[in-house]
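Chemist: Next input, structure requested:
(one chain, ligands or ions: 1)
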Amino acid sequence: MNDLAGKHIVLGLTGGIACYKAAELCRALIKGGATVQVVMTAAAQQFITPVTMQALSNRPVFESQWDAREPNNMAHINLSREADAILIAPCSADFMAKLLHGRGDDLLSLLCLARPLDQVPLLLAPAMNREMWAHPATQRNVTQLRADGATVFEVGSGDQACGESGDGRMLEAQELLDDVIAFFQPKLLSGEQVLITAGPTYEAIDPVRGITNLSSGKMGFALARAAQEAGAVVTLVAGPVHLPTPRGVRRIDVTSAQSMFDVTVQHAQGASIFVATAAVADWRVAKLAEHKIKKETGAAAPSLVFVENPDILAAVAQSPRGRSGALYCVGFAAESQDLLANAQAKRLRKGVPLLVGNIGPATFGQDDNALLLVDEHGATEMKRDAKLALSRRLVAEIAARLQRKEE
Ligand code: CTP
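Modeler: Have a look, this model is predicted:
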């Protein structure tokens, strides 16, 4: 993934043990396609050397406002003008206090102060002891820095280098990378509450057996991430899958179609967009065996009787909120042939404004997919691409349709 291609990031390190994570973060940003210019305070250099950061970023590190390498001797101006963002990770409590007061007695604080406010965003990844983080002065500073336009990332929780445990750890490099990537995505769904179903369902036959399908959940999880990146509040109702929860997404795990139905119908009340990507089992066995069905020698194989599961998408789309358009419903169709005809028929049958067709066997478990969007105006093809890339485009398509509805 080259999500940060073309972005130039000034990565500022201030004093804190989390500096060791900044080395990993620098690598992750570069792997993501960014170029990285590291600036370190004197305190940061007590924890990690400029040599390490130079080797990782492939650029000399800046440490001082008196750096004679700059022909005009104005490193604070030059570095801040060429950045697409300034990311301070770790950002110490002291450095936040400094930023808050607009001080500039070292290169890093100086370039934060000198940055063109409307062009160069300031991203802060706090890192400190839990008492320092919880201190009213720090919390006051966080609030004020946000009000001044800075983006202050969350802190992690858990064991701290000091031996205590609580809030205040710097996020891990991968988490910060995801947050930085999300920061640069357009906020097309800001203010929206998005509800997504994903993955397969599992219909038990007895306590040890059941019926499921090959859905991996990757498309729904990618869509949840894309919607979250676009500024929505996202709830993901997930069948049994082995995927990490996208950052900032609320995940509710379910197993059977009935449990997915119950949770989804309940959360649809507060949602403004519903996307059903789940491969819901159409049937469940009529009578769940209380104990394992045993194989008796010479006995005939057991026969199973099925009953139909509720159709989650159809039920939500036909609810008062779905019918009134207060809840914009999007269906998926996993087909094995005749994608266009099947998708068009399914859109009408489910009563949804937008249906996304894909060829199930070609996408289940894969990291990429190809989509066919079908609405009342016709069909739009999205060529094979990574599921996250397709999800971001689908988010834009949904946002454009919502926008048109409002006009
Ligand atoms: N869906 C659902 N609840 C069900 C079955 C399907 O919410 N009980 C949703 C899926 O999440 C998807 C859409 O309906 O968004 C279409 O699912 P699909 O399995 O392709 O269609 P079916 O309705 O099951 O029709 P068929 O099996 O005949 O293709």
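
Chemist: What's opposite the residue in the stretch 101-250 of the chain that the ligand sits nearest to in the beta bridge?
Modeler: For the stretch 101-250 of the chain and the ligand, the shortest gap (CB to the nearest ligand atom) falls at Thr197, measuring 5.8 Å. (C-beta placed from N, C-alpha, C; glycine too.) Going by DSSP bridges, Thr197 is paired in beta bridges with Val237, Ala276.

Chemist: quick one, what contacts it?
Modeler: Counting by CB atoms under 8 Å, 6 or more residues apart in numbering, Thr197 touches Gly220, Val237, Ala238, Gly239, Met260, Thr264, Val275, Ala276, Thr277, Ala278, Val280, Ile312.

Chemist: a markdown table please, covering the residues you listed and showing distance to Pro353 and pLDDT.
Modeler: Output for the contacts of Thr197, formatted as a markdown table (distance: CB to CB, whole Å; pLDDT from 0 to 100):
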| residue | distance to Pro353 | pLDDT |
| --- | --- | --- |
| Gly220 | 19 | 97 |
| Val237 | 21 | 98 |
| Ala238 | 24 | 98 |
| Gly239 | 25 | 98 |
| Met260 | 22 | 98 |
| Thr264 | 18 | 98 |
| Val275 | 12 | 98 |
| Ala276 | 13 | 98 |
| Thr277 | 16 | 97 |
| Ala278 | 19 | 97 |
| Val280 | 20 | 97 |
| Ile312 | 17 | 98 |
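
Chemist: Just give me the longest helix of the protein.
Modeler: helix 387-406 (DSSP state H).

Chemist: Strands along the stretch 301-407 of the chain, start to end?
Modeler: With strands called from DSSP state E, counting those that start in this stretch, the stretch 301-407 of the chain shows them at 306-308, 328-335, 354-359, 368-375, 378-386.

Chemist: Of these, which is nearest the ligand?
Modeler: So among those, strand 328-335 is nearest, using CB to the nearest ligand atom, at 3.8 Å.

Chemist: The ligand contacts on this protein?
Modeler: Residues of the chain lying near the ligand by CB under 6 Å from any ligand atom: 197, 257, 276, 278, 280, 282, 309, 311-313, 331-334, 346, 350.

Chemist: Can I get the lowest-mean-pLDDT helix or strand in the chain as CSV, trimmed to CA atoms?
Modeler: Across the helices and strands of the chain, mean confidence by mean pLDDT, DSSP states H and E is lowest for helix 360-363: a mean of 78. These are the backbone C-alpha positions of helix 360-363, laid out as CSV (Å, rounded to 0.1, in the frame of the first residue of the first chain):
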residue,chain,number,x,y,z
GLY,A,360,-18.2,-14.5,-4.8
PRO,A,361,-15.8,-17.3,-5.7
ALA,A,362,-13.3,-14.8,-7.2
THR,A,363,-13.2,-12.6,-4.1
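
Chemist: buried stuff in it?
Modeler: Gly360, Thr363 (16 or more other CB atoms under 10 Å).

Chemist: just stretch 2-19 next, same as before
Modeler: Within stretch 2-19, judged by 16+ other CB under 10 Å, the buried ones are 3-4, 7, 9-19.

Chemist: Would you mind putting the residues you listed into a markdown table with secondary structure and pLDDT alongside?
Modeler: As requested, the buried residues of stretch 2-19 are exported to a markdown table (DSSP: H, G, I helix; E, B strand; the rest coil; pLDDT from 0 to 100):
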| residue | secondary structure | pLDDT |
| --- | --- | --- |
| Asp3 | coil | 96 |
| Leu4 | coil | 98 |
| Lys7 | coil | 98 |
| Ile9 | strand | 98 |
| Val10 | strand | 98 |
| Leu11 | strand | 98 |
| Gly12 | strand | 98 |
| Leu13 | strand | 98 |
| Thr14 | coil | 98 |
| Gly15 | coil | 98 |
| Gly16 | coil | 96 |
| Ile17 | coil | 96 |
| Ala18 | coil | 97 |
| Cys19 | helix | 98 |
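
Chemist: Including distance to Thr35, could these go into JSON lines?
Modeler: Formatted as JSON lines, these follow (distance: CB to CB, whole Å):
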{"residue": "Asp3", "distance to Thr35": "14"}
{"residue": "Leu4", "distance to Thr35": "9"}
{"residue": "Lys7", "distance to Thr35": "8"}
{"residue": "Ile9", "distance to Thr35": "7"}
{"residue": "Val10", "distance to Thr35": "10"}
{"residue": "Leu11", "distance to Thr35": "10"}
{"residue": "Gly12", "distance to Thr35": "15"}
{"residue": "Leu13", "distance to Thr35": "17"}
{"residue": "Thr14", "distance to Thr35": "21"}
{"residue": "Gly15", "distance to Thr35": "25"}
{"residue": "Gly16", "distance to Thr35": "24"}
{"residue": "Ile17", "distance to Thr35": "27"}
{"residue": "Ala18", "distance to Thr35": "23"}
{"residue": "Cys19", "distance to Thr35": "21"}
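
Chemist: out of those residues, who's nearest the ligand?
Modeler: For the buried residues of stretch 2-19, the nearest to the ligand is Asp3 (27.2 Å; CB to the nearest ligand atom).

Chemist: Name the helix or strand for the closest residue to that closest one other than its chain neighbours, please.
Modeler: What sits nearest to Asp3 in space, not counting adjacent residues and going by CB to CB, 6 or more residues apart in numbering, is Ile181, at 4.5 Å. Using DSSP states H and E, Ile181 sits in helix 173-184.
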